[in-house]
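Engineer: I need the structure of the sequence given here:
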Amino acid sequence: MFYCKLANVDYKLGDEDEDSIVRELQQILRDGQDKGEFGEFDPSVMASMIQGAIGEYMMGISPITRKIDPETYCRELVKLVRQAAKQRKG
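Structural biologist: Here you go, the predicted structure:
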């Protein structure tokens, strides 16, 4: 179950909805691998890492939320995931 409070609005995502999002993300990652856009990695692990990084920030329980604004966090997370998923040449 994913639960978050943002801007005085409660946001709750049920287990089934959360699972469907993770499955969709895994499929996107597999498709990218099949097309040669991404390198070799376990899509389940990468999807879990992405979801965990987003959830950690959104829940506001990490000290990083007081140090890094959402736009910077998002930009850095995208940069890290792109680097990790990049197809290696050579």
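Engineer: Excluding chain neighbours, what is closest to R30?
Structural biologist: P43 (5.0 Å; Cβ to Cβ, 6 or more residues apart in numbering). C-beta: built from backbone N, CA, C; applies to glycine.
Engineer: Look up how far I28 lies from that neighbour.
Structural biologist: Per Cβ to Cβ, to the nearest Å, P43 is found 8 Å from I28.
Engineer: So those two - more neighbours on which side?
Structural biologist: Per other Cβ atoms under 10 Å, whichever of P43 and I28 has more neighbours is P43, with 19 against 14.
Engineer: Mind pulling the model confidence for that one?
Structural biologist: pLDDT recorded at P43 is 95.
Engineer: who's in contact with it?
Structural biologist: P43 sits next to Q26, Q27, L29, R30, Q33 when contact means Cβ atoms under 8 Å, 6 or more residues apart in numbering.
Engineer: Ok, A84 next?
Structural biologist: A84 touches F41, M46, counting by Cβ under 8 Å, 6+ apart.
Engineer: does it count as helix, strand or coil?
Structural biologist: Here A84 is helix, with the state taken from DSSP: H, G, I helix; E, B strand; the rest coil.
Engineer: ok, so what distance separates it from G60?
Structural biologist: Separation of A84 from G60 (Cβ to Cβ): 25 Å.
Engineer: low-scoring stretches of this structure, by residue?
Structural biologist: 1-18, 89-90 (pLDDT under 70).
Engineer: mind redoing it with 90?
Structural biologist: Along the chain, segments meeting pLDDT under 90 span 1-22, 51-66, 70-71, 74, 78, 82, 84-90.
Engineer: Mind checking which residue lies nearest the centre of it?
Structural biologist: I50 (2.3 Å; Cα atoms, centre = their mean).
Engineer: what are the phi and psi values for that residue?
Structural biologist: With angles defined as degrees, to the nearest 10, I50 sits at phi -60, psi -50.
Engineer: Thank you, goodbye.
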